[in-house]
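Visitor: Sequence first, then the predicted structure:
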Amino acid sequence: MDEHHPPALVALTGATGFIGRRLQAALLRRGYAVRALMRPDSRNADRLEPGCEVYSVPLCDQEGLSKAFEGVAAVVYCAGTVRGLSLDDFTPANVLGVESTIATLERMPAPPPLLLISSLAASRPELSHYAHSKFLGEQVLCKSPRLPWTILRPPAVYGPGDREMRPLLASIRRGIAPIVGPRDQRLSLLYVDDLAAAVVSWLKHWKACAGGVFSVDDGRAGGYDWPAIIEAVKGAGVVSLRLPEPILRTVAGVNMFGARIFGYKPMLTLGKVQELRQPQWLCNNAPFTEATGWTPAVTLRQGVERLLGAA
């Protein structure tokens, strides 16, 4: 790109989160300019890549958002909350921020395309407050009459900076596999850089994706069962520690009680146990690949080696 063709500007919410940080790097590497929308009270400016433009604005401030979206070629909504006790804990980022973004864009004469990075959990909103909040955020977008929108539903995403999957994978690498799902459970997984590449592919082909809801994973047909996960992470010498649902529910209940007493936002809740105990969480890349040409590049074995180092 030369001075006569400046780089396309992408507005990115949630830029300093686990996925957002990898998205920053991927977008800049592919020649896009990135405008990172951050809360005015955020202390995470050190998590921005050199070259990112910082724009301080609360997601509920539509007047501020209208200025933040001036001149952008696309908006990627990556902000989200994954920890909480009640639906109210998840609503601000997962629902209200989406509503505010949509309302702002709809007032623009020619609104840019909007990509919502949701979650596969949104397909089962009855399971947890988190899943319900992701579903509600999607529903707000699906009802938008003017926006060229797309929804991506990744499964469990792992990689550098991840605080949820890494402890599990590290435990398996050390030789202990805590198995929380049913015996025949099958799971789709996705390395974070492949998700970032999917976003870049959407930017190039958003018209073909308009109005679509796509699930994306690492391309393993039928996902992984637990023996396949263990084989990819460690191979031999792993002790499987199966955790029955009553134990998980007890631990979750204690965790929720502690969260109420000490005021923290928990990850393991009774709703999360219901998510973890589902027989399967599976994706299908075919529709998104057909629309964009994107294909995943990182297998689970390769992703774990990048995250934890070679065994």
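Guide: On my side now, so go ahead. Values in this document were obtained by computation on a predicted structure and should not be read as measured data.
Visitor: doesn't residue 188 make contact with residue 220?
Guide: Yes. Here residue 220 reaches residue 188: they are 7.3 Å apart, a contact under CB atoms under 8 Å. Placement of C-beta: from N, CA and C, glycine included.
Visitor: neighbour-wise, which of these two wins?
Guide: residue 188 (24 against 19; other CB atoms under 10 Å).
Visitor: isn't the more buried one right next to residue 120, touching?
Guide: Yes. The pair residue 188 and residue 120 qualifies as a contact (CB under 8 Å) at a distance of 7.4 Å.
Visitor: Quickly list what's touching both of those two.
Guide: Residues touching both residue 188 and residue 120 by CB atoms under 8 Å, 6 or more residues apart in numbering: 155, 215, 281, 283.
Visitor: okay, among these, which ones form the most distant pair?
Guide: Using CB to CB, the two most remote members of the shared contacts of residue 188 and residue 120 are 215 and 281, lying 9.5 Å apart.
Visitor: Quick check: neighbours shared by the two?
Guide: Applying CB under 8 Å, 6+ apart, one finds that residue 215 and residue 281 are jointly contacted by 120, 155, 188.
Visitor: Closest one of those residues to residue 77?
Guide: Nearest to residue 77 among these: residue 120, at 16.6 Å, using CB to CB.
Visitor: tell me the contacts of the closest one?
Guide: 153-155, 188, 215, 281, 283.
Visitor: Which of these sits closest to residue 198?
Guide: Minimum distance to residue 198 across the contacts of residue 120 is 8.2 Å, recorded for residue 154 (CB to CB).
Visitor: The closest one: neighbour count?
Guide: Other residues within reach of residue 154, judged by other CB under 10 Å, total 22.
Visitor: So it sits against residue 117, correct?
Guide: Yes. The pair residue 154 and residue 117 qualifies as a contact (CB under 8 Å) at a distance of 7.1 Å.
Visitor: Run through the helices of this structure in chain order.
Guide: The residue ranges that make up the helices of the chain, judged by DSSP state H, are 18-29, 62-68, 87-91, 97-106, 129-142, 165-174, 192-209, 226-233, 245-262, 270-276, 286-292, 300-308.
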